[in-house]
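J.: Curious how this folds, go ahead:
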Amino acid sequence: MVDILSALSTTPEPQYVEVGDGVALATYSWGDANGPTVVLVHGFASSTADTWVHTGWVRMLEREGFRVLGIDQRGHGASQKPHDSAGYTVRNLARDVESVLDTFLVDEALYAGYSLGARVGWQVALDLDDRIQRAVLGGVPDGIPLDRLDTDQVRRYAADGTPVADPVTQSYITLAERVAGNDMHALLALAEGMRDSRSIDPDPAHAPQQPVLFATGAQDAVLEGSRRLAEAAAQATFFEIPGRHHFNAPGAKAFRLAALEFLRG
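T.: This is a model prediction of the structure:
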């Protein structure tokens with residue numbers, strides 16, 4: 001039994017896709033290549049394995065007949081981790097998803113993203129409205145991306161281990177250090193790149209038109225922000241994940257089942 005469970009939660013060797021600016025992205029695929037494709041995009045300081053494999057999402061989707069395509073976002077997992085903040089804009093991260101779909105010859109797809117992956121998913125749904133049929137956006141806040149992160153404290157911590165005083169910033173560092181292989185300098189570059197515009201993103205004034213499931217934990221600080229985004233979307237459904245906060249929501253069975261029902265259409 002242990003061996004069977006281990007096999008079901010194992011991430012295969014990545015296939016690399018080189019995107020427009022030369023960054024190599026690690027991608028993973030499961031299931032029947034002829035089935036409907038679900039693209040999975042993880043959150044900040046996480047990975048495909050951490051957000052989607054170990055929590056049972058991939059196993060569930062594959063069992064239900066979907067073709068599953070996971071992406072380690074740039075700066076994460078087995079993908080390249082550039083330290084130049086210029087490459088880490090939301091539009092660039094969305095183009096990375098488009099490049100992966102093009103490489104795998106996927107004309108139409110379903111999308112599931114969590115946290116940062118949901119922010120990217122909002123943009124993907126806008127930019128690829130003719131290719132993304134439905135989207136699940138989990139734990140997506142409104143406002144300026146990663147605005148509460150004190151990047152100066154992160155920079156000092158990454159350079160010489162100076163203790164971090166800000167509790168919110170420390171929670172991000174704890175999250176980053178939980179996943180083996182994370183590069184603090186790359187994650188810092190990502191935070192700076194996403195914040196450079198100082199603009200609201202996602203922007204409720206420009207919301208996706210296709211069906212979108214917004215799902216956020218009942219104990220998540222971004223719950224009301226997620227509701228506001230759902231109210232702005234034309235075909236939105238909102239699901240409050242019982243008893244979960246931002247960091248443990250992906251593992252909730254209730255979230256998985258709500259997403260599965262939604263993706264089935």
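
J.: where in this protein is pLDDT low?
T.: Along the chain, segments meeting pLDDT under 70 span 1-9, 197-200.

J.: What are the boundaries of the helices in it?
T.: For the chain, the helices defined by DSSP state H occupy 2-8, 48, 57-63, 90-103, 116-127, 151-160, 167-178, 184-195, 223-232, 253-264.

J.: mind putting those helices in TSV, distance to Glu18 and mean neighbour count included?
T.: Where you see a C-beta, it was placed from the backbone N, CA and C, and this is true even at glycine. Putting those into TSV (distance: least, CB to CB, whole Å; neighbours: other CB atoms under 10 Å) gives the following:
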stretch	distance to Glu18	mean neighbour count
helix 2-8	30	9
helix 48	18	29
helix 57-63	24	20
helix 90-103	8	20
helix 116-127	19	26
helix 151-160	27	15
helix 167-178	25	15
helix 184-195	17	22
helix 223-232	32	18
helix 253-264	29	17
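
J.: The spatially closest residue to Gly75 that is not a sequence neighbour: what's it in contact with?
T.: Using CB to CB, 6 or more residues apart in numbering and skipping residues adjacent in sequence, the residue nearest Gly75 is Ala186, 4.2 Å away. Listed by CB atoms under 8 Å, 6 or more residues apart in numbering, the contact set of Ala186 reads 75-76, 81-83.

J.: one step back: relative to Ile71, which of the helices of the chain is closest?
T.: The closest of these to Ile71 is helix 90-103. By CB to CB, the value is 5.5 Å.

J.: Specify the angle between the closest one and helix 116-127 in degrees.
T.: 70 degrees (axes from the mean of the first three to the mean of the last three CA atoms, to 10 degrees).

J.: My guess is Ala191 contacts Asp150. True?
T.: No: assessed by CB atoms under 8 Å, Ala191 is found out of contact with Asp150, at 9.8 Å.

J.: quick one: contacts of stretch 86-100?
T.: Under CB under 8 Å, 6+ apart, the answer for stretch 86-100 is 17, 19-21, 23, 25, 27, 39, 41, 69, 71, 73-75, 111, 116, 119-120, 123-124, 127-128, 145, 189-194, 196-197, 201.

J.: Now go through the contacts of Ala186 and say which are in strands.
T.: In strands, judged by DSSP state E, none of these are found.

J.: What's the PyMOL line that selects buried ones from these?
T.: Listed next is the PyMOL selection for buried residues among the contacts of Ala186, using 16 or more other CB atoms under 10 Å:
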select buried, resi 75+76+81+82
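
J.: among the contacts of Ala186, which two are most distant?
T.: For these, the maximum inter-member distance is 13.5 Å, found between His76 and His83 (CB to CB).

J.: Next, give phi and psi for the residue nearest to Pro36 when sequence neighbours are not counted.
T.: The shortest distance from Pro36 to any non-neighbouring residue, by CB to CB, 6+ apart, is to Phe66 (5.7 Å). Backbone dihedrals for Phe66, given as degrees, to the nearest 10, come out at phi -80, psi 150.
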